[in-house]
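K.L.:
only geometry, no sequence info:
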């Protein structure tokens, strides 16, 4: 079904405030989830709210964290999120990084003890619109097999890069798995088959059966190169945050384990490097790419971020798509919290 | 044929000094090339020396550059390489970044007007062995088509990440193209076929014919995600260095155009972030991955960097493999320079 953006946002925020989350934080967390659904990334959308509410109830997500900032230098920040909601911790860290990047050119945050960040594009697009280049990497539960290996030992470790450009920034936000576990589970429920190269079964044999894939492991995207990128992100985040790695990562899919992953953000101000109007330079190039000749059978050429913005804009008009089962779970949560949910 | 590492190194260095390159710089450039051949990355090896000598002769590579360092803050360095040899410019920049990272946690260099850097792993492995996390991205001639597009508009833009680990660092160094142009050309000479997904012909139709691929464009690795990563690197480097983008990038394959690409390096010291012995933490995880069960038909599980080190070690014993035609060109260069080349 489709729901009005503002209605869905308000309902999710109210469910969170009923779970003792302060109003500002509840709105921010709700907006992160609804923005994902508006871009049709349901795996990072409102379907995660029931888990989040469970985590708050179980004390592994903290509605009122004491977030600790430890500036190790003018440009290097270590953040202990005190198990706060991901967007609450990160938004505060990024505001600080932005200010330091504007002064010193570059600033880094190494974050531990934050809950799931959700869609990284949410944070980075905003920074790029203000003229900053930004990078983010984060670890996550081990769902991906190493190249040549059978067991899930590597996170789906996303990488995000945003670069200022006219008329709109370039925003890359991608997991290093070939497919999300959410899509595998959805395929199982629909009775469909996976594509080749998406997963191995428990014996390490390629499979198109979603049930066998859930017992096995997801494959990295792009073969050995995608594996190499995913495990490099895992090692980098581990070295800079000291957080858990591989199978020791918990707390982004379950309701009862502390969040043991880490997050690393880097914000850079091109103006401090003496680059004048980088958004015009980059924008001119991206326009040339968009306008270049199409390959056989292709309908268009997109720059990372184009598709998400287009989908979001359409769904803000037409309503945000939410699966019936997800909507039912939200209504149940609202009922439990005594929150109205009339559409 | 196979050549003793030290002999090949000395011969290349002597050819460079005969072209007016100072002895230290000649040795560094020669070592970069020979190290690539020792790892069996011939496309970045001594086969590039004739082009480099041509560039020096034509004045687009500068044997005695005045490299300008412009520190924009304690952590942000802008480098103008004055068309110096890539390894000369970068090695000097990285020594400075290392010192700043040790003090401030993080340091960045935005480099323009440097010649081809060659294999990025060469620089980053060294930093990781000293305990630093390092990232590098660079632009290059447009050889790759955008996703949905037909024309070569994006560089093969490599990404490198190195992370300290015991017993050896993780070192990722990968181009964002599915295959190197060097390999396509070699396949043409051998009369072979390309693999599916490596290239499009001039009409934007997938091709396995290397000649058609040379007239067309290389494909990105990993489908749309690899494309997104490659163009994100192009935009990021453009925004931070102000260097040319897409088809305006010249000077890494030709003998007569100035180098108009850009390079970005970030060096981070985990100790400044309060992380004690990150190499033990990361090393323990990588050991677990290496020792995990194999997939069906797999012989081993490798961490990025393992393969290169193993190959290098073998070839330092057995001799460095160099194609006959490449060796002949080196001998011709040596003859022209009056340099002995007896094996």
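P.N.:
Cool, the structure landed. Just so you know, these numbers come straight off a predicted model, no measurement behind them. Numbering: from 1, shown residues only, chains lettered A, B, ... in the order given.
K.L.:
okay, and for chain A, where does confidence drop off?
P.N.:
A:342-343 (pLDDT under 70).
K.L.:
Skip the chain neighbours and tell me the closest residue to the residue in the stretch 151-300 of chain A that chain B sits nearest to.
P.N.:
Closest residue of the stretch 151-300 of chain A to chain B, Cβ to the nearest Cβ: residue A:222 (2.3 Å). (C-beta placed from N, C-alpha, C; glycine too.) Nearest residue to residue A:222, sequence neighbours excluded (Cβ to Cβ, 6 or more residues apart in numbering or on different chains): residue B:222, at 2.3 Å.
K.L.:
ok, now which ones touch that neighbour?
P.N.:
A:221, A:222, A:223, A:225, A:226, B:178, B:229 (Cβ atoms under 8 Å, 6 or more residues apart in numbering or on different chains).
K.L.:
at 10 Å instead, please
P.N.:
By Cβ atoms under 10 Å, 6 or more residues apart in numbering or on different chains, residue B:222 lies in contact with A:174, A:176, A:178, A:220-223, A:225-226, A:229, B:176, B:178, B:197, B:228-230.
K.L.:
do the same with residue A:178
P.N.:
Residue A:178 touches A:144, A:156, A:194-199, A:218-223, A:226, B:222-223, B:225, counting by Cβ under 10 Å, 6+ apart.
K.L.:
Just the contacts of residue B:222: which are in strands?
P.N.:
residue A:174 (DSSP state E).
K.L.:
Now do the strands in the stretch 1-150 of chain A.
P.N.:
A:2-3, A:68-71, A:76-84, A:106-114, A:133-138, A:142-144 (DSSP state E, counting those that start in this stretch).
K.L.:
out of those, nearest to chain B?
P.N.:
Using Cβ to the nearest Cβ, the nearest of the strands of the stretch 1-150 of chain A to chain B is strand A:76-84, at 3.0 Å.
K.L.:
Could you pull out the buried residues of the closest one?
P.N.:
A:76, A:77, A:78, A:79, A:80, A:81, A:83, A:84 (16 or more other Cβ atoms under 10 Å in any protein chain shown).
K.L.:
go on, stretch A:252-266?
P.N.:
Buried residues in stretch A:252-266 (16+ other Cβ under 10 Å): A:252, A:255, A:258, A:259, A:260, A:261, A:262, A:263, A:264, A:265, A:266.
K.L.:
swap in stretch A:4-23?
P.N.:
Applying 16+ other Cβ under 10 Å to stretch A:4-23 flags A:5, A:8-19, A:21 as buried.
K.L.:
next one: that stretch to chain centre, how far?
P.N.:
20 Å (Cα atoms, centre = their mean, to the nearest Å).
K.L.:
Going by secondary structure, residue A:310 is in what exactly?
P.N.:
helix A:306-318 (DSSP states H and E).
K.L.:
Just name the closest of the buried residues of stretch A:4-23 to residue B:270, please.
P.N.:
Closest approach to residue B:270 among the buried residues of stretch A:4-23 (Cβ to Cβ): residue A:21, at 33.0 Å.
K.L.:
How about that closest one, nearest residue that isn't a chain neighbour?
P.N.:
residue A:63 (4.5 Å).
K.L.:
quick one: contacts for that neighbour?
P.N.:
With Cβ under 10 Å, 6+ apart, residue A:63 has these contacts: A:16-17, A:19-22, A:25-26, A:56, A:83-85, A:88.
K.L.:
ok, so of the residues you listed, who is nearest residue B:98?
P.N.:
Nearest to residue B:98 among the contacts of residue A:63, with distances taken as Cβ to Cβ, is residue A:84, at 34.4 Å.
K.L.:
how much space between the residue lying closest to that closest one once chain neighbours are set aside and residue A:116?
P.N.:
With sequence-adjacent residues excluded and distances taken as Cβ to Cβ, 6+ apart, residue A:84 is closest to residue A:65, at 3.1 Å. Separation of residue A:65 from residue A:116 (Cβ to Cβ, to the nearest Å): 14 Å.
K.L.:
between the two, which one's more packed in?
P.N.:
residue A:116 (23 against 20; other Cβ atoms under 10 Å in any protein chain shown).
K.L.:
Spit out the contact partners of that one.
P.N.:
A:29, A:32, A:44, A:48, A:51-52, A:55, A:61, A:85-87, A:138, A:140, A:251-253, A:259, A:261, A:263.
K.L.:
what's near enough to touch residue A:50?
P.N.:
Counted by Cβ under 10 Å, 6+ apart, residue A:50 has contacts A:15, A:255, A:326, A:329, A:330, A:332, A:333.
K.L.:
Oh, that last question was meant for residue A:41, not what I typed.
P.N.:
Counted by Cβ under 10 Å, 6+ apart, residue A:41 has contacts A:35, A:118, A:119, A:121, A:173, A:180, A:182, A:308, A:311.
K.L.:
Buried among those? Need that as a selection in ChimeraX.
P.N.:
This is how ChimeraX selects the buried members of the contacts of residue A:41, with burial counted by 16+ other Cβ under 10 Å:
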select /A:35,118,119,121,173,180,182,308
